[in-house]
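Peer 1: from the sequence below, what's the structure:
(one chain, ligands or ions: 1)
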Amino acid sequence: MEMVRPAARRSVGETQPPLPSIYSLTLDELKEWLVAQGEKPFRATQIYEWLYQNRVTDFADMTNLPKRLREQLASSFSITTLKTVVKQTSKDGTIKFLFELHDGYSIETVLMRHNYGNSVCVTTQVGCRIGCTFCASTLGGLKRHLEAGEIVAQVVQVQKALDDTNERVSSIVVMGIGEPFDNYDALIKFLRIVNHPKGLNIGARHITVSTSGIIPKIYQFADEGMQVNFAISLHAPTNELRTKLMPINKAYPLPKLMEAVRYYIEKTGRRVTFEYGLFGGVNDQLEHAEQLAELIKGLKCHVNLIPVNYVPERNYVRTPRSQIFAFERALKKHGINVTIRREHGHDIDAACGQLRAKERKEETR
Ligand code: SAH
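Peer 2: Below you'll find the model as predicted:
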C-alpha cells in the first residue's frame with residue numbers, strides 16, 4: 001500500500017466548507033455565471049478545456065484568461081476538493097483510491113483495467129441508506145450526498161494518475177458507494193459534465209448507471225433522453241425473495257419495478273442490464289434461473305451474474321463455479337443474453353459490494 005499523503009487532522013463533518021468546486025458546474029451554468037460577472041460566455045469553453053483537457057489545478061495557470069477573471073474565479077470557486085489518502089494496487093492492475101473530502105469523510109474510487117480500456121467506478125454518496133443485506137457500503141448508513149463536483153473530481157483524479165503513462169479513462173460505471181438515484185440531481189449533472197465534448201468527453205455509451213430500483217427515478221431517468229447504459233440490481237426473481245435480500249423491495253416491489261423497466265426500454269429503445277448476484281443456497285438454484293427467465297421473458301435485456309463477494313459482516317457464501325455455469329446455461333436455454341462478471345481487485349477489497357465509506361475515526365479522538 002502506498003501512502004500518498006498523511007491525512008489532515010480534523011474532525012469528521014466539522015470543518016468549514018471550502019468554496020464550491022467549479023467541477024460542479026455544467027458548461028451552461030458556467031456560461032451563466034460568466035455572463036453575470038459581465039464576462040463573455042465563450043470563456044466557459046476555455047475554462048472547461050483547462051479543467052478537463054489540461055487538467056490544471058490552479059486558476060492562475062489558465063493563461064489565456066484575463067488576470068482579473070482568473071482572480072475572480074479563484075475567489076469564487078475551488079477546483080478539486082479531494083485529497084488522495086491511499087492508492088492501493090491489486091495484482092490484476094486494479095487501483096483503489098481512498099479520497100478524503102473537505103469535511104474529513106472518505107470515499108473509495110476504483111480504476112479497473114479491461115482489454116477494451118480503463119474503467120472508473122465512482123462513488124455517489126458517503127455511505128448508503130438502501131440497506132441491501134449483502135453489501136458493505138450500507139453498513140454505516142448514509143452520512144451525506146456527494147456534490148456533482150465531488151463525483152466529477154474522482155474521474156479527474158484517476159485520469160491525472162493515468163496521465164503519467166499517457167492512458168485515458170475510457171469508461172465510467174456508477175457502481176461505487178451509494179445509490180445514484182438517491183442523489184439524483186448531482187448524478188445527472190455529473191453525467192452531463194463528464195459526457196460533454198469540452199468536458200472529459202466520455203461517450204454516453206461508455207457510461208453505466210446502476211440502481212437498486214428507486215422506481216420514480218427510473219421513470220424520470222427514462223425521460224432525460226440520455227444514451228447511457230442502465231443497470232438494475234435485481235438479485236431475485238420473486239417479490240418475496242427480493243424483499244429478503246433488498247429491503248427497498250418493500251417500498252418498490254418487484255412487479256412495479258418491472259413495469260418501470262418496461263417503460264424505460266420503450267421510452268429509450270435501449271437494452272437494460274439486470275445485475276444478479278449469486279448468493280450460495282439463497283437465489284442460485286436452477287428453479288431461480290427458471291423463474292428469472294420467466295420474469296424477464298421478451299424484454300430487451302442482458303443478465304450479468306455476479307458471484308457474491310465476501311463481506312465479513314455478512315453471512316453469504318459463494319456459489320460453486322459449476323453451479324454458476326449451470327445457472328448461466330439455464331438462462332441461455334431461454335435465449336437470454338448472459339455474462340458472468342469478471343472480478344477485479346479482489347485482493348484489495350475493491351470488488352462489487354466491498355467498498356465502504358471510512359470515517360477515519362482515529363483522527364477525531
Ligand atoms: N446502489 C447501486 C450501485 C451499486 S452497484 C445499486 O444497487 O445498483 C454495485 C453492484 O454490486 C450492485 O448490483 C450491488 O447489488 C452489487 N453488490 C453489492 N454487494 C455485493 C456483494 N457482496 N457481492 C456481489 N455483489 C454485490
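Peer 1: up against the ligand, what does this structure have?
Peer 2: Within the chain, the positions near the ligand by CB under 6 Å from any ligand atom are 132, 134-135, 175, 179, 210-212, 233, 275, 277, 306, 308-309, 311, 352-353. For glycine as for every other residue, the C-beta is placed from the backbone atoms N, C-alpha and C.
Peer 1: narrow these to those in strands?
Peer 2: When the residues of the chain next to the ligand are checked against strands using DSSP state E, the ones located there are Ser210, Thr211, Ser233, Glu275, Gly277, Ile306.
Peer 1: which residues touch the second one?
Peer 2: Same thing as Thr211. Contact criterion CB atoms under 8 Å, 6 or more residues apart in numbering gives Glu179, Pro180, Phe181, Lys217, Ile218, Phe230, Ala231, Ile232, Ser233 as the residues in contact with Thr211.
Peer 1: what residues are bridge-paired with it?
Peer 2: When bridges are called by DSSP bridges, Thr211 pairs up with Ile232.
Peer 1: cool, and the last one?
Peer 2: When bridges are taken as DSSP bridges, the partners of Ile306 come out as Gly277.
Peer 1: that one: how many residues sit nearby?
Peer 2: Other residues within reach of Ile306, judged by other CB atoms under 10 Å, total 19.
Peer 1: for the third one, same thing?
Peer 2: Each residue near Ser233 was counted by other CB under 10 Å, and the total is 27.
Peer 1: same check, this time on the first one
Peer 2: Look at Ser210: counted by other CB under 10 Å, it has 21 neighbours.
Peer 1: residues contacting the lengthiest strand in the chain, please?
Peer 2: When every strand of the chain is counted residue by residue (DSSP E), the longest turns out to be strand 106-114. Where contact means CB under 8 Å, 6+ apart, the residues beyond strand 106-114 that reach it are 85, 92-101, 118-123, 126, 146, 150, 154, 157-158, 161-162, 169, 176-177, 344-345, 350, 355-360.
Peer 1: same thing but at 7 Å, please
Peer 2: Residues from elsewhere that reach strand 106-114, judged by CB atoms under 7 Å, 6 or more residues apart in numbering: 85, 93-101, 118-123, 126, 154, 158, 176-177, 344-345, 350, 355, 357-358, 360.
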